[in-house]
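In: mind folding the following:
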Amino acid sequence: MRLRLLLAAALLAVPSGAAAETRVVEPGPGALAAAVAGANSGDVLILMPGLHEGPVSIDLPLTLEGHDGAILEGNGTGSVVSVSGDGAVIRNLTIRGSGNDGAEIDSGVKLERTATNALVENNRLTGNLHGITVHGARDSIVRGNQIEGRRDRRVNDRGNGIYVWNAPGTLVEANDVIWGRDGIFANASKDNTFRKNTFRDLRFAVHYMYTNNSQVIGNISLGNTLGFALMFSNRIEVRDNLSLGDRTHGIMLNYANNAQVTGNLVRGGTHEKCTFIYNAHKNRIEGNRFEGCEIGIHFTAGSERNQITGNAFVGNRHQVKYVGTRHMEWSAEGRGNFWSDHPAFDLDGDGIADGAFRPNDLMDHILWSQPSAKLLLGSPAVQLVRWSQSAFPATLPGGVLDSAPLMVAPEIGVPGDIATLEADAVARAEDIEEMSHADLLSGH
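Out: Numbering: from 1, shown residues only. Next up, the predicted model:
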């Protein structure tokens, strides 16, 4: 019954008047290669359950669609499926067995420059060097795939779940990526949309390099080294993403300019920094929640003309680390941020605290530049310096000032199933940290 429905749907998808056929391909030596060689534009090849031999190259509009249990396996050389024709569809297959050549970008599915308007959806890709590579192809869709990367190499020597290079108009949506190097690595591209993907146990969830006019929306990063690394990119929208239990940074803006960073939740447990802003200019960072990190925002390297407003800084050991002497106003249009350590009053009930808030003082600057000064933290001299600054604000150094702190923190919910995965990720990270500490003490 399912096969008849599958065939009927495939026939309906063929344009009216096209001389296309739908063919069933049984597993067996050379069967798939022969079917592809004999196919015409618009043909649909239904791969039946079992093992189909790859690699296979597609240079025309052709659909490869797997019936339940269809496996397409490469021979350990090159990419398993290479697409160079327009309008190809790769769907419902288990794809495995690529080569290991990083220079050639061996992948489970590789879309070459001429493979415009391709659709790669609902596949399971396992054990390939790269999962899916969009290498110069325009207007491709990569949707609903499960990608399991390699674990038998050092992290930096593994491939990416999805690699997008110079591929304008690419949509990457609702994929689940685990292991490997980066979940999505986008380089020298533009006009891309990455949304509603889930990334686990990777180096970076999303890694942007020279990728402009693009969107990162509604993605989930769980237990990765770094969540969203946005570097050397211009005019990007980073909205409604979750970084949960990532180990170093949740969001990093490094030479990223004119970005809109809104509605994101970075929740620690193991995070060193919820957010790191390095030489990034003219960005609007609004309505985010940075919670439970060693540092809420580390802000450095001359970043200028950023608007930071409407965010919540909750339970971070250091809410802000700003290394510099300039005065930075972190409010916009009479609206600042919520600070969990600000003992605020709101006598007029307008939602804005009656007093301004400075997250750092002179002693913070001294401790950042002279870590050995921590030995003096309990001394009367340090307490006197801090009292003097509170009593005489004119003695305060440059730094962050929020003139209109919020009384209520924005809330960003986490679905129950994702919260369970977050707890697992944090527990595993803590175990790794404990083992590393034990090895250090034992001299191993």
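
In: contacts, neighbours, all on C-alpha from now
Out: Will do.

In: so who does the residue nearest in space to the middle of the chain touch?
Out: When CA atoms, centre = their mean is applied to the chain, the residue found nearest the centroid is residue 206 (2.8 Å). By CA atoms under 8 Å, 6 or more residues apart in numbering, residue 206 lies in contact with 182, 183, 184, 185, 186, 227, 228, 229, 230.

In: am I right that the last one is in a strand?
Out: Meaning residue 230. Yes - secondary structure of residue 230 (DSSP: H, G, I helix; E, B strand; the rest coil): part of a strand.

In: neighbours around residue 183, how many?
Out: Neighbour count for residue 183, taken as other CA atoms under 10 Å: 34.

In: ok, it touching residue 164?
Out: No - the criterion here is CA atoms under 8 Å, and residue 183 misses it with residue 164 at 10.8 Å.

In: before we move on, back to that, state the pair within the contacts of residue 206 that is farthest apart.
Out: By the measure CA to CA, these have their two most distant members at 186 and 227, which lie 14.2 Å apart.

In: looking at the two, which one has more neighbours?
Out: Counting neighbours by other CA under 10 Å for residue 186 and for residue 227 shows that residue 227 has the greater number, 37 against 24.

In: that one and residue 243 touch, don't they?
Out: Yes - counting by CA under 8 Å, residue 243 is a contact partner of residue 227 at 5.8 Å.

In: overlap in contacts, those two.
Out: Common contacts of residue 227 and residue 243 (CA under 8 Å, 6+ apart): 221, 250, 251.

In: for the residues you listed, which single residue is the most surrounded?
Out: Counting neighbours by other CA under 10 Å, residue 250 leads these with 35 neighbours.

In: I figured that residue hits residue 277, correct?
Out: No - Residue 250 is beyond contact range of residue 277, at 11.2 Å (criterion: CA under 8 Å).

In: distance from the host helix or strand of the residue nearest to the centre of the chain to the middle of the chain?
Out: For residue 206, the element it lies in under DSSP states H and E is strand 204-212. Counting by CA atoms, centre = their mean, to the nearest Å, strand 204-212 is centred 8 Å from the centre of its parent chain.

In: pLDDT on that strand, on average?
Out: For strand 204-212, mean pLDDT rounds to 97.

In: strand partners (parallel or antiparallel) of it?
Out: Applying DSSP bridges, strand 204-212 is found paired with strand 182-190 (parallel), strand 226-231 (parallel).

In: buried ones in the first one?
Out: Residues of strand 182-190 classed as buried: 182, 183, 184, 185, 186, 187, 188, 189, 190 (neighbour count, 16 or more other CA atoms under 10 Å).

In: quick check: bridge partners of the fourth one?
Out: Taking DSSP bridges as the rule, residue 185 bridges to residue 163, residue 207.

In: ramachandran coordinates for residue 427?
Out: The phi and psi values for residue 427, taken as degrees, to the nearest 10, are phi -60, psi -40.

In: what does the model give residue 54 for pLDDT?
Out: 96.

In: actually residue 9, sorry about that
Out: We have a pLDDT of 49 for residue 9.

In: show me where this structure has helices.
Out: Under the criterion DSSP state H, the chain carries helices at the ranges 2-13, 31-37, 362-369, 380-391, 416-442.

In: where does the protein dip in pLDDT?
Out: By pLDDT under 70, the weakly predicted segments of the chain are 1-19, 269-270, 301, 361-398, 431-444.

In: ok so, going back, so how far is residue 340 from the residue nearest to the centre of the chain?
Out: 29 Å (CA to CA, to the nearest Å).

In: what do you get for residue 185?
Out: In this structure, residue 185 and residue 340 are 35 Å apart, going by CA to CA.

In: so who does residue 262 touch?
Out: Per CA under 8 Å, 6+ apart, neighbours of residue 262: 238, 239, 240, 284, 285, 286, 287, 288.

In: residue 311 now?
Out: By CA under 8 Å, 6+ apart, residue 311 lies in contact with 285, 286, 287, 288, 289, 290, 336, 337, 338, 409, 410.

In: go on, residue 66?
Out: Residues in contact with residue 66 (CA under 8 Å, 6+ apart) are 46, 47, 48, 49, 91, 92, 93.

In: my guess is the last one meets residue 73, correct?
Out: No - if you go by CA under 8 Å, residue 93 and residue 73 don't touch, sitting 10.0 Å apart.

In: between these two, who's got more neighbours?
Out: Legend: neighbour count by other CA under 10 Å for residue 93 and residue 73, higher for residue 93 (24 against 20).

In: with adjacent residues omitted, what lies nearest to residue 190?
Out: Distance criterion CA to CA, 6 or more residues apart in numbering; nearest residue to residue 190, sequence neighbours excluded, is residue 212 at 4.7 Å.

In: quickly note the distance from the one you found to residue 31.
Out: Noted for residue 212: a distance of 43 Å to residue 31, by CA to CA.

In: so which of these two has more stuff around it?
Out: Higher neighbour count among residue 212 and residue 31: residue 212, with 23 against 15, using other CA under 10 Å.

In: now for the more buried one: which residues touch it?
Out: 189, 190, 191, 233, 234, 235, 236 are the contacts of residue 212 under CA under 8 Å, 6+ apart.

In: can I assume the second one is in contact with residue 209?
Out: Pointing back at residue 190 there. No - here residue 190 lies out of contact with residue 209, judged by CA under 8 Å, at a distance of 10.3 Å.

In: show me what contacts residue 240?
Out: The contact partners of residue 240, by CA under 8 Å, 6+ apart, come to 217, 218, 219, 262, 263, 264, 265.

In: actually, residue 218.
Out: So, once contact is read as CA under 8 Å, 6+ apart, residue 218 ends up touching 195, 196, 197, 239, 240, 241, 242.

In: which of these lies closest to residue 105?
Out: Using CA to CA, the contacts of residue 218 come closest to residue 105 at residue 197, 22.2 Å.

In: ok, that closest one - contacts?
Out: By CA under 8 Å, 6+ apart, residue 197 lies in contact with 172, 173, 174, 175, 176, 177, 218, 219, 220.

In: restricted to strands, list those residues.
Out: Those of those mapping onto strands are 172, 173, 176, 177, 220, per DSSP state E.

In: can I get the residues you listed in JSON lines with distance to residue 53 and neighbour count?
Out: Putting these into JSON lines (distance: CA to CA, whole Å; neighbours: other CA atoms under 10 Å) gives the following:
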{"residue": "172", "distance to residue 53": "27", "neighbour count": "24"}
{"residue": "173", "distance to residue 53": "28", "neighbour count": "21"}
{"residue": "176", "distance to residue 53": "25", "neighbour count": "20"}
{"residue": "177", "distance to residue 53": "25", "neighbour count": "27"}
{"residue": "220", "distance to residue 53": "35", "neighbour count": "23"}
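
In: fine by me, thanks again.
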